[in-house]
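Asks: Fold the stuff below for me.
(chains A and B)
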2 protein chains.
Amino acid sequence: MSDAYYLRLTDHLRELLSGPEAFEEGRLPAERTLAERFRTTRVTLRQALAQLEGEGLIHRSNRRGWFVSPARLDYDPTRDAGFNDYVRAQGRRPRTEVLHTDTRPHRPAAEALGLPVDCSFHHIRRRRFVDDRAVLAESLWVVPARAPDLLQGDFAANSLWGELRSRWGLTLAHRSLRLYSEALAEREAAELGVAPGTAGLSVRRAIFDAQRRPVEYDEEHWLHDALCITVELENKA
Amino acid sequence: MSDAYYLRLTDHLRELLSGPEAFEEGRLPAERTLAERFRTTRVTLRQALAQLEGEGLIHRSNRRGWFVSPARLDYDPTRDAGFNDYVRAQGRRPRTEVLHTDTRPHRPAAEALGLPVDCSFHHIRRRRFVDDRAVLAESLWVVPARAPDLLQGDFAANSLWGELRSRWGLTLAHRSLRLYSEALAEREAAELGVAPGTAGLSVRRAIFDAQRRPVEYDEEHWLHDALCITVELENKA
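Replies: Here you go, the predicted structure:
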C-alpha cells in the first residue's frame, strides 16, 4: 500500500537530484518542507530519503540536514587509464599521498601471484583524494626482481605503472581482478577519516607481464559512495 | 608499533582460516583462548578479528562467538552463465522465490535503456538463496514489446534469459554494467533478513539484443559478504 507510494516518491526525488533544477548549494530543503511539498508524512519521506542515501545519492550532515553527494567516480577496470587520468577526464581533481613504504612478505600477494609465501615485496601504502576528499587507501606489492630500486621513485607524483613501463620496460599484459563489498577495518577507516565498519569496496588485482611473469598485487579500499565500476561487454555473435 | 603486530596476527589468522586445519564446526575458539594461543592482548586480537570481519571471512553471532563465514560466491559478469549454473558449479545449492510481478514505468530502467521515461516494463521481483541463505534481492525490468506475455512464465524455476531465448529468440548481445557498494535500504534489507543500512553490493545491467534493441534492465542487491566479482583480462599486445 504505502510501499508503492514511497517507491514513487523515491523515483521522483531521484529525478529532481539528477535534473538541472539543482538544490541550492547542494542542500536539500528541510524534511518538513519536503514533506509538505510532496504532500506526504515525515515517515514516508524518511523511507525515501534513506533509500537515496543507500544508493549514495545524498548524505546527512550532523544537525545540518541532507546534502546532494558528489557524483561517484566512474572507473572501468578493463581499460588501462591510471587514477590521475580517469579522475581528470571526469573534470575532478586527483591528489595522492604516500603514507608508508617498506619491503616485506605478504601472504595474499604471494598467493595471488603464485609465489612462495615467504617471498618479500616492495610495498607502497598510499591515500588518494578526489577534489580533496580521501576516497581510496591502497597497498601496492611489487615483485623486487621486476623493479629492484623501485622505492626510490616519487609515488605521490608518479603513476606506478608509468614508472614500471619507463624504468623497467614492463607491460601490463594479464590482470586478474577481484571486487567485493567490505566493512572498512580500523586502519583503512582511519586513513579515510571515517568510522570503522563504514561500507567500502575492495578491489584486488594480480598483474602479470607479457611473459606471464608476476609483477604486482594491488589492494584497494574505496569509500562506498565514491566509486562506480562500469564495464561495457560485447558478445561474439 | 603494535600496528605491525596486529597486521601480522591478521595474516596469521587469515592463513588458519584458509588452511585445512578447519576450526571445529566453523566456530573459532573463545577470544580469551585465542589471545593466549597467540600471546597477545584482547585489544590487539579484536583489531585482527575486526579486520577479518570486514573482509567477510568471519562473522559474529550474538553471544555465541565468532564463526567462519561461508565462502563468497564467485561471479564473473563477463560470462553468460545464469545464477543456477554458477551456484551449482561451485558446489552450492541455488533457490529462487518470486516476490512480486507487475507492469509499470520505472525511470532508471528507461534511462539506462534509452527509452522514454513513461514507458512501462514487465517487472519481476525475486529473492535468491545460496544454501538456504537469502543473498540476493533483484528487480528485472523487461521491455514488453520484446516479450509480450512474459509474466505468465515460472521465474522461480526458470532462468529469465533461458525463457527470452527459447520463447522469443532473443540473444543477449551487448551489456552495460554498473557496480557499486551501497547501504541496503529498508525494502532490500527486509527481503534479505538483515538490518537496514547493512553493507550491500549493487549490480545494474542494461541489456540489448543483437539488433541493439533494448531488452532488459536488472537491479541486483547482494549481501556484502555473499559475493565476489572476478574478472580475467588480457591486453592485446
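Asks: for residue A:123, what are its contacts?
Replies: Residue A:123 sits next to A:100-104, A:106, A:139-142 when contact means Cβ atoms under 8 Å, 6 or more residues apart in numbering or on different chains. Yep, even glycine has a C-beta here, placed from its N, CA and C like the rest.
Asks: switch the cut-off to 6 Å
Replies: Counting by Cβ atoms under 6 Å, 6 or more residues apart in numbering or on different chains, residue A:123 touches A:102, A:141.
Asks: ok, now residue A:102?
Replies: Applying Cβ under 6 Å, 6+ apart, the residues near residue A:102 are residue A:123.
Asks: List the strands paired with the one helix or strand it maps to, with their directions.
Replies: Assigned by DSSP states H and E, residue A:102 falls within strand A:94-105. Here strand A:94-105 has these sheet partners by DSSP bridges: strand A:120-130 (antiparallel).
Asks: any idea of the mean pLDDT for the strand it pairs with?
Replies: Average pLDDT, strand A:120-130: 96.
Asks: doesn't residue A:134 make contact with residue A:192?
Replies: Yes: the pair residue A:192 / residue A:134 is scored as a contact, 4.9 Å apart, by Cβ atoms under 6 Å.
Asks: More neighbours: which of those two?
Replies: Per other Cβ atoms under 10 Å in any protein chain shown, whichever of residue A:192 and residue A:134 has more neighbours is residue A:192, with 22 against 17.
Asks: buried ones in the helix ranked longest in chain A?
Replies: Once chain A is assigned using DSSP state H, the helix that runs over the most residues is helix A:2-18. For helix A:2-18, the neighbour count (16 or more other Cβ atoms under 10 Å in any protein chain shown) marks A:6-7, A:9-11, A:13-14, A:17 as buried.
Asks: again with stretch A:65-82
Replies: Those buried within stretch A:65-82 under the rule 16+ other Cβ under 10 Å are A:66, A:68-70, A:72-73, A:75, A:77.
Asks: again with stretch A:148-155
Replies: A:150-151, A:153, A:155.
Asks: and of those, the nearest to chain B?
Replies: residue A:151 (17.5 Å; Cβ to the nearest Cβ).
Asks: So for the nearest residue to the closest one once chain neighbours are set aside, what's the pLDDT?
Replies: Sequence neighbours aside, residue A:101 is the residue nearest to residue A:151 in space, at 5.0 Å (criterion: Cβ to Cβ, 6 or more residues apart in numbering or on different chains). With respect to pLDDT, residue A:101 scores 96.
Asks: just for chain A, where's the confidence low?
Replies: Within chain A, the stretches with pLDDT under 70 are A:1-4, A:19-25, A:61-63, A:236-237.
Asks: mind listing the helices for it?
Replies: For chain A, helices defined by DSSP H occupy the ranges A:2-18, A:31-37, A:42-54, A:83-89, A:107-113, A:160-168, A:186-192.
Asks: so residue A:210 makes contact with residue A:171?
Replies: Yes: if you go by Cβ under 6 Å, residue A:210 and residue A:171 touch, sitting 4.8 Å apart.
Asks: Figure out how far the longest helix of chain A is from the centre of its chain.
Replies: 27 Å (Cα atoms, centre = their mean, to the nearest Å).
Asks: Please apply the same query to stretch A:223-237.
Replies: 13 Å.
Asks: what's the answer for stretch A:130-138, then?
Replies: The answer for stretch A:130-138 is 8 Å, by Cα atoms, centre = their mean.
Asks: Please work out which residues outside it touch it.
Replies: Contact partners of stretch A:130-138, identified using Cβ under 6 Å, 6+ apart, comprise A:73, A:87, A:92-93, A:126-128, A:188, A:191-193, A:220-223, A:226.
Asks: check contacts around the closest residue to residue A:150 other than its chain neighbours.
Replies: In space, and not counting its chain neighbours, residue A:150 is closest to residue A:122: 4.7 Å by Cβ to Cβ, 6+ apart. With contacts defined as Cβ under 6 Å, 6+ apart, the neighbours of residue A:122 are A:103, A:142, A:144, A:150-151.
Asks: for residue A:173, same thing?
Replies: A:209-210, B:235.
Asks: Okay, and which of these map to strands?
Replies: In strands, defined here by DSSP state E, there are no members of the contacts of residue A:173.
Asks: would you turn the residues you listed into CSV with neighbour count?
Replies: Shown next, in CSV, are these (neighbours: other Cβ atoms under 10 Å in any protein chain shown):
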residue, neighbour count
A:209, 19
A:210, 12
B:235, 12
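Asks: buried residues in the strand holding residue A:102?
Replies: A:94-96, A:101, A:105.
Asks: Off-centre distance for that strand?
Replies: 17 Å.
Asks: Next, the angle helix B:2-18 makes with that strand.
Replies: 70 degrees (axes from the mean of the first three to the mean of the last three Cα atoms, to 10 degrees).
Asks: Which members of the contacts of stretch A:130-138 are the farthest-apart pair?
Replies: The distance between the two most remote of the contacts of stretch A:130-138 (Cβ to Cβ) is 22.2 Å, for A:93 and A:188.
Asks: Of those two, which one has the most company?
Replies: Taking other Cβ under 10 Å, residue A:93 and residue A:188 do not tie; residue A:188 has more neighbours (27 against 12).
Asks: Leaving out chain neighbours, which residue sits closest to the more buried one?
Replies: Among residues not flanking residue A:188 along the chain, residue A:221 sits closest, at 4.3 Å (Cβ to Cβ, 6+ apart).
Asks: Identify the bridge partners of the closest residue to residue A:143 other than its chain neighbours.
Replies: Nearest residue to residue A:143 in three dimensions, chain neighbours excluded: residue A:214, at 5.5 Å (Cβ to Cβ, 6+ apart). Counting by DSSP bridges, residue A:214 is bridged to residue A:208.
Asks: wait, isn't residue A:214 in contact with residue A:113?
Replies: Yes: counting by Cβ under 6 Å, residue A:214 touches residue A:113, with 3.6 Å between them.
Asks: Run through the residues of chain A sitting next to chain B.
Replies: A:11, A:47, A:50-51, A:54-55, A:78, A:107, A:173-183, A:185-186, A:199, A:201, A:224, A:228-235 (Cβ under 6 Å from any Cβ of the partner chain).
Asks: mind listing which of those are in strands?
Replies: Per DSSP E, the residues of chain A next to chain B map to strands at A:174-183, A:199, A:201, A:228-234.
Asks: filter those to the buried ones?
Replies: When burial is judged by neighbour count using 16+ other Cβ under 10 Å, the buried members of those are A:174-183, A:199, A:201, A:228-231, A:233.
Asks: circling back: my read is that the residue nearest to residue A:188 contacts residue A:200, right?
Replies: Yes: if you go by Cβ under 6 Å, residue A:221 and residue A:200 touch, sitting 5.2 Å apart.
Asks: Which one's more surrounded, those two?
Replies: Neighbour count, other Cβ under 10 Å: between residue A:221 and residue A:200, residue A:200 has more, with 29 against 23.
Asks: what about the nearest residue to that one once chain neighbours are set aside, neighbour count?
Replies: Spatially, and ignoring its direct neighbours in sequence, residue A:200 is nearest to residue A:184 (4.2 Å; Cβ to Cβ, 6+ apart). Using other Cβ under 10 Å, the number of residues around residue A:184 comes to 27.
Asks: Distance check, the closest residue to residue A:56 other than its chain neighbours against residue B:222.
Replies: Setting aside the residues directly before and after it, residue A:56 is nearest to residue A:225 in space (Cβ to Cβ, 6+ apart), at 3.5 Å. Distance from residue A:225 to residue B:222, counting by Cβ to Cβ, to the nearest Å: 17 Å.
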